[in-house]
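[1] Using only what follows, build the 3D model:
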Amino acid sequence: MELPERNQPCWCGSGKKYKKCHWNFDEKLKQYENQGIIVPSHEILKTPEQIKKIKESAKINIAILDYVAEHIQEGVSTQEIDNWVAKITAEAGAVAAPLNYEGFPKSVCTSVNEQVCHGIPSKDVVLKNGDIVNVDVSTILDGYYSDSSRMFCIGQVSPEKKKLVDVTKECVEKGLAQVKPWGFLGDMSQAVYEHAHANGFSVVREIGGHGIGLEFHEDPWVGYIQKAGTGMLLVPGMMFTIEPMINMGSHEIYVDDSDGWSVYTEDGLPSAQWEIMVLVTETGCEVICY
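    Below you'll find the predicted structure:
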């Protein structure tokens, strides 16, 4: 984008003069870019007003997952979970982002055991003792997007499954600890990868996180096999998801041809995923949705 003159209003919409607002910021970005480092475009950086509205969307998203956490149990079908999500979303005056997104037929993704992600809710899929399930909720409120997911253990799960679920959450926490202004996306990625492999698990490579807020999926794409010190520069105003998919066995996956959506582990072993939305701030980061 064309930058304003020093005494013109800043591009961020603050109303301040450019020289008093983002001029030093843009000069710093140029220095990094001149070193061959990938820097974010202004278009994906969120303004304070946008952040405020995204947080309102996130409140609904969090409330939905809180409701699921209180009611999910053995004997519940994944279609019932979809019904809960659709009802709460509508009552809040919001829209379920997955519904009809590129043809996805439901309001939420429910992925059980060896399903990695994008599981389609069904009355025929009834949760049973020992299952682990990921419930991935995404919400649009007044055009602003939020997105997060949680794992749930149904009844008494095996120690191996419980470890997978716990370590996957720890991977998110390890990655989050590396999200700092003027660091790199690869710092987060390496932390996730190393913790998963240290515990004997693998990291899905083809599917990752993404920028979010003004659209469902924005730049940057967020993978978990990058090295520290590589990838896009993290700067204040960036917002993206951390959502590693961690497999008990091989990292290999496939998409079910019968529905074109459900992703499974190639070896049939379980997979787990937790997802949070993160904002890079001037001093560190802030979790927007969980």
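[2] where do the strands sit along the stretch 151-290 of the chain?
    Listed from the start of the chain, the stretch 151-290 of the chain has strands (DSSP state E, counting those that start in this stretch) covering 202-203, 209-211, 218-222, 239-242, 245-247, 253-255, 263-265, 271-273, 276-280, 285-289.
[3] Redo those as CSV? Include mean pLDDT.
    Converted to CSV, the strands of the stretch 151-290 of the chain look like this (pLDDT from 0 to 100):
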stretch, mean pLDDT
strand 202-203, 98
strand 209-211, 98
strand 218-222, 97
strand 239-242, 98
strand 245-247, 98
strand 253-255, 98
strand 263-265, 98
strand 271-273, 98
strand 276-280, 98
strand 285-289, 98
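[4] wait, which of those is closest to Val165?
    Go through the strands of the stretch 151-290 of the chain one by one with C-beta to C-beta and the one that ends up closest to Val165 is strand 271-273, at 5.0 Å. C-betas here are computed from N, CA, C, even on glycine.
[5] ok now that closest one, how far from the chain's centre?
    Mean-position distance between strand 271-273 and its chain equals 13 Å (C-alpha atoms, centre = their mean, to the nearest Å).
[6] Note down every partner strand of that strand and its orientation.
    strand 245-247 (antiparallel) (DSSP bridges).
[7] List the contacts of the partner strand.
    Residues outside strand 245-247 that contact it (C-beta atoms under 8 Å, 6 or more residues apart in numbering) are 116-117, 164, 167-168, 171, 196, 201-204, 207, 253, 265, 269-273.
[8] Could you tell me which residues within it count as buried?
    Across strand 245-247, burial judged by 16 or more other C-beta atoms under 10 Å covers Met245, Ile246, Asn247.
[9] In this structure Val108 contacts Ile81, no?
    Yes - between Val108 and Ile81 there is a contact under C-beta atoms under 8 Å: 6.3 Å.
[10] Pipe the buried residues of strand 245-247 into CSV and attach distance to Lys52 per row.
    Listed next are the buried residues of strand 245-247 as CSV, based on distance: C-beta to C-beta, whole Å:
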residue, distance to Lys52
Met245, 31
Ile246, 33
Asn247, 37
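[11] now the helices: where do they sit in the stretch 51-200 of the chain?
    78-91, 159-176, 185-198 (DSSP state H, counting those that start in this stretch).
[12] Most tightly packed of the ones you listed?
    A comparison of the helices of the stretch 51-200 of the chain by mean neighbour count, using mean count of other C-beta atoms under 10 Å, puts helix 185-198 on top with a mean of 22.
[13] So which elements touch that one?
    Contact here means 3 or more C-beta pairs under 8 Å, 6 or more residues apart in numbering; DSSP states H and E; on that basis helix 185-198 packs against helix 159-176, strand 202-203, strand 218-222.
[14] roughly how far out does whichever strand or helix holds Lys28 sit from the chain middle?
    For Lys28, the element it lies in under DSSP states H and E is helix 23-34. Helix 23-34 has its average C-alpha position 28 Å from the chain's average C-alpha position, going by C-alpha atoms, centre = their mean.
[15] what are the C-alpha coordinates of that helix, in PDB please?
    Only the C-alpha atoms of helix 23-34 are listed here, as PDB (Å, rounded to 0.1, in the frame of the first residue of the first chain):
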ATOM      1  CA  TRP A  23       6.000   6.000  11.000                       C
ATOM      2  CA  ASN A  24       8.700   4.400  13.200                       C
ATOM      3  CA  PHE A  25       6.900   1.100  13.100                       C
ATOM      4  CA  ASP A  26       7.000   1.100   9.200                       C
ATOM      5  CA  GLU A  27      10.700   2.100   9.200                       C
ATOM      6  CA  LYS A  28      11.400  -0.800  11.400                       C
ATOM      7  CA  LEU A  29       9.500  -3.100   9.100                       C
ATOM      8  CA  LYS A  30      11.500  -1.900   6.100                       C
ATOM      9  CA  GLN A  31      14.700  -2.700   7.900                       C
ATOM     10  CA  TYR A  32      13.600  -6.300   8.400                       C
ATOM     11  CA  GLU A  33      12.300  -6.600   4.900                       C
ATOM     12  CA  ASN A  34      15.600  -5.300   3.500                       C
END
